[in-house]
Structures are given as structure tokens and as C-alpha cells.
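K.L.:
Test case, fold it:
(chains A and B)
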Amino acid sequence: RKEVEQDPGPFNVPEGATVAFNCTYSNSASQSFFWYRQDCRKEPKLLMSVYSSGNEDGRFTAQLNRASQYISLLIRDSKLSDSATYLCVVNRPDSGAGSYQLTFGKGTKLSVIP
Amino acid sequence: DAGVIQSPRHEVTEMGQEVTLRCKPISGHNSLFWYRQTMMRGLELLIYFNNNVPIDDSGMPEDRFSAKMPNASFSTLKIQPSEPRDSAVYFCASSFGRGTTNEKLFFGSGTQLSVL
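P.N.:
Residues are numbered from 1 along each chain as shown, chains lettered A, B, ... in the order given. A predicted model of the protein is given here:
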């Protein structure tokens, strides 16, 4: 099983639609979870952290299910500017080598259509 | 703040040549990361420095790759000799901290490397 798995998409949705992305991770000891956004030919940027109780930032809602090792991102009222690739990111626990690593999923591509 | 600065933005070279990628992290950040991104493999961590010291280089593909961080404001990733399969976008990122629950990475704009 891959460390972080995402449906690659693409998701093509009309403006105003609600869309949800899912992500699963393999390491049950993982403690930190994030969603990053990457525009075409640009660098990834942090969209939001994912907290155990779930969290919301405007039109974006992130949820975590530790029992199922599953993370989700919900986008309401999609805008054209939401078109991007959304990367699920998991902070792998210290392996004992003194390192923390962020493991990135390959991303889910979203296209919002007028 | 200017953000993480990488150079060059694009590099086209021939197989067998040496390639050096450069990165200036955000001032005050104490962790620096080199990532490689391809369509097939996504974003892969190559190496991670904390306070200028390499902490984890398990992602470096082979001996042809090397990275240095001589001071807090500069890092290089060198490929010698380069091969066509090294073609990818190489990102440098920096953060403050050593891995906390609120760790946020700031990425540079990347270097698009093409090895012919």
C-alpha cells in the first residue's frame, strides 16, 4: 500500500458545485495532515492543516478519520479559481533517524468549468 | 520577504554533464528540503537539512546526486553525471521548526531540468 494515495482525477465540475476529494494513508502513527494546492507549473502552497475534530476555512472543509486512515477535503460553491491540483500530505513520524518527512500524495486535479 | 529563491528556473543540458541547482531559503528558517517532482512519481523528498546539517538523505536516488548547505542562507543540489531520467522539476522548500504538528513548508518556484 502506498504511503499516501489519492484519486488522480481529473474532477471536472461546474461553477457553484460542491466537490470532495479523498485521501488514504498507510502509517497509522502519522500525526499531522495537510492539504496543499498546486497550480499548473507552479509550486505547492499550503491550503490548510487537517485537525482531528475537522476544520473549516471559508468554502473549504477538511476532515480526518484516524480509524480508517482517511482524510477528506470538501469545496463548496466551486470557483473557476479553484482549478488546481490538490495534494494530500502526511507528516511521517520520526523514524528514529532524527528526521521528519512530509509525504505528498500525487494529487487530485480539479477543473472548474464555467 | 522574497520567499524561497531557486536558480536557475530552467536548465537544459546534455547527458553526462554536471548540473548544479541553487536555493536560498527564507531568512530565519532552519529547515531546508529538496524535492523532485515527476508525473509518474509525484513529489519525492530527496534530502532534508536542519540547522545546515543533513538529517535524512535516504531519498537521494544514487551517488550521482549530492547536496550541500554551507550556511543558513544557501544550499546546492548537484547531479554528476546527469542522465535523461533525472529530468524533472526540482523544488527547494524551507520551514521553521523541526517537524511540528503545524509545520508549513514554503516552496521555491522550482527548477525545470531537462537532460537530453
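
K.L.:
Secondary structure class of the spatially closest residue to A:Ala17 that is not a sequence neighbour, three-state.
P.N.:
Closest residue in space to A:Ala17, ignoring its immediate chain neighbours: A:Ser78 at 5.0 Å, by CB to CB, 6 or more residues apart in numbering or on different chains. The way it works is simple: take the backbone N, C-alpha and C, and place the C-beta from them, glycine included. With DSSP: H, G, I helix; E, B strand; the rest coil as the basis, A:Ser78 sits in coil.

K.L.:
okay, now A:Ser78: neighbour count?
P.N.:
A:Ser78: 21 surrounding residues under other CB atoms under 10 Å in any protein chain shown.

K.L.:
now for chain B, which residue lies nearest the mean position of the chain?
P.N.:
By CA atoms, centre = their mean, chain B has its centre lying nearest to B:Trp34, at 2.8 Å.

K.L.:
Low-confidence bits of chain A, can you list those?
P.N.:
Within chain A, the stretches with pLDDT under 70 are A:1, A:94-100.

K.L.:
Secondary structure element for B:Glu11, which one?
P.N.:
Here B:Glu11 sits within strand B:10-13, counting by DSSP states H and E.

K.L.:
Please see if the helix or strand that comes right after that strand touches chain A.
P.N.:
Next in sequence after strand B:10-13, counting helices and strands by DSSP H and E, comes strand B:19-24. No. Under the criterion of CB under 8 Å from any CB of the partner chain, strand B:19-24 makes no contact with chain A; the nearest approach is 12.2 Å.

K.L.:
Convert the C-alpha atoms of strand B:19-24 to PDB, please.
P.N.:
Provided in PDB are the C-alpha atoms of strand B:19-24 (Å, rounded to 0.1, in the frame of the first residue of the first chain):
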ATOM      1  CA  VAL B  19      24.200  20.200 -13.100                       C
ATOM      2  CA  THR B  20      24.000  22.500 -10.100                       C
ATOM      3  CA  LEU B  21      20.800  23.700  -8.700                       C
ATOM      4  CA  ARG B  22      20.800  26.600  -6.100                       C
ATOM      5  CA  CYS B  23      18.500  27.600  -3.300                       C
ATOM      6  CA  LYS B  24      18.200  30.400  -0.900                       C
END
